[in-house]
Every structure is written in structure tokens, then in C-alpha cells.
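**Q** Got a sequence here, can you model it:
(chains A and B)
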Amino acid sequence: QKEVEQDPGPLSVPEGAIVSLNCTYSNSAFQYFMWYRQYSRKGPELLMYTYSSGNKEDGRFTAQVDKSSKYISLFIRDSQPSDSATYLCAMSENSGGSNYKLTFGKGTLLTVNP
Amino acid sequence: NAGVMQNPRHLVRRRGQEARLRCSPMKGHSHVYWYRQLPEEGLKFMVYLQKENIIDESGMPKERFSAEFPKEGPSILRIQQVVRGDSAAYFCASSQGRNQPQHFGDGTRLSIL
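**A** You can find the predicted model right below:
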């Protein structure tokens, strides 16, 4: 079993739809959770950064972490064609006070159709 | 552009040659990380460096790969005697501190002929 599982998609939605992206993980030591957006031929761009369980909202984006289920989600409201990209989840442990070693999912390819 | 700068964006090498990948962190960042993204795989951590120090190289292959971050100049990821399996996208990230969010460059796509 891989440490981080992410449905690769592709996921195609109409403009304005609510998008739900998810990752599951097996390592109960993960405490920091991130979502990155990656456009084609570009580097990952940090969208959300959360610690432990709970919700975090930033504009049209909401990140949820459920540590009891080892499940994280990213919701995108009022999706736009410019949201079309690959979304990567990433997570890290708090090992000896350090959380720099990120473990990534493979990414979900999202297309928002006008 | 104050972001993480990587060059070259594309690099083609023949088997047995050396590849040098460069990374300049964001202004004000002194922590650098290298990740590798193989085809159909997620990004994998390779190495973490601060100025003049390798902090964690647990993700680096034991042979042919090395990294440095000198006092002056960019961080360098060096791959000696490249093989076909080294073909991948190599991403550099930087952060202000050890436990701060990492910001990525646009990567170097290495192709081995």
C-alpha cells in the first residue's frame, strides 16, 4: 500500500461546479497537509497548508483534514476554466520538530469546461 | 520574478554524460529541497540543504548523485554517468525556515538519449 493514494482522474466538470478532490494516507504520523496546483509544464504552486485535523478556507478553496479516517479533501467552489490543472496533495510528519520531508500523491487532473 | 528559479528548463544528455541542474531559491530563503518526479509517479524527496550544509540526503540514490548549496551562488544537483532511468522532472523548492511552507520552481526536465 502506498503511503498516499490519490485518484488520478481525469476529472471533468462544467464551469461553476463544486469540485471535490481527495487523498487517503496510511501513515498516522502525518500531521501537516498541503494542496498544490500544478499547471502543465510548471512547478507545483502551494494552495493550502494545514496542520492536524479540521477545516481551512481561503476564497473559493476549502481544505478538510480527517485524521481519524486518514482522509483529506480539497473543495473548489464556483470552479473556473482557469482552475484546470493537476492537483497534488502532500503531507509530512512532525519528526523531531521537523516537517520538511513532503510525501506527495500522484495528482488528480482536473478540467473545468466553459 | 522573485520566485524559485531553475535552469536549464530542459536538458538532454547522452548516457554516460554528466548533468548539472541549478536552483536559485526565493529571495530571503536559505533552505533548499530537491524532488524528482518520474513519469506516472508523484514527486519524491531527494535532499534538503542549507547554505554550505547537507541536512538530509536520505532520498538521494547512493551513487552518481550529489548536491551542494555553496555560500555564494545557486544550489546544484549533479548526476554523473547518467542512465536512461534518470530521465525525469527535477524540482527544487525553497523555504524561509525548516518548517515553513515550500515553494517550488518550474523544474528541469532531463532527457537521456
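**Q** From here on, just use CA atoms for contacts and neighbour counts.
**A** Noted.
**Q** What residues does residue 102 make contact with?
**A** The chain I'm using is chain A. Counting by C-alpha atoms under 8 Å, 6 or more residues apart in numbering or on different chains, A:Leu102 touches A:Ala90, A:Met91, A:Ser92, B:Lys44, B:Phe45.
**Q** switch to chain B, that's the one I care about
**A** With contacts defined as C-alpha under 8 Å, 6+ apart, B:Gln102 is in contact with A:Leu46, B:Ala93, B:Ser94, B:Ser95.
**Q** mind checking which helix or strand the third one is in?
**A** Element membership of B:Ser94 [criterion: DSSP states H and E] is strand B:88-95.
**Q** strand partners of the helix or strand just after that strand, parallel vs antiparallel please.
**A** Next helix or strand after strand B:88-95 toward the C-terminus (DSSP H and E): strand B:103-104. With DSSP bridges as the test, strand B:103-104 is paired with strand B:88-95 (antiparallel).
**Q** now the partner strand, how far from the centre of its chain.
**A** 5 Å (C-alpha atoms, centre = their mean, to the nearest Å).
**Q** Would you mark the buried spots in that strand?
**A** Buried residues in strand B:88-95, counted by 16 or more other C-alpha atoms under 10 Å in any protein chain shown: B:Ala88, B:Ala89, B:Tyr90, B:Phe91, B:Cys92, B:Ala93, B:Ser94, B:Ser95.
**Q** pLDDT (mean, whole number) over stretch A:48-67?
**A** The average pLDDT within stretch A:48-67 is 92.
**Q** I meant to write stretch A:77-88 there.
**A** The pLDDT scores in stretch A:77-88 average 97.
**Q** What residues does chain B have near chain A?
**A** B:40-45, B:91, B:98-107 (C-alpha under 8 Å from any C-alpha of the partner chain).
**Q** one more time with 6 Å
**A** By C-alpha under 6 Å from any C-alpha of the partner chain, the residues of chain B that approach chain A are B:Glu41, B:Gly42, B:Leu43, B:Asn99, B:Phe104, B:Gly105, B:Asp106.
**Q** Touching, the last one and A:Arg41? I think so.
**A** Which is B:Asp106. No - the pair B:Asp106 / A:Arg41 is not scored as a contact, 7.2 Å apart, by C-alpha atoms under 6 Å.
**Q** Let me see the ranges of the helices in the chain.
**A** The chain I'm using is chain A. Ranges of helices in chain A, per DSSP state H: none exist.
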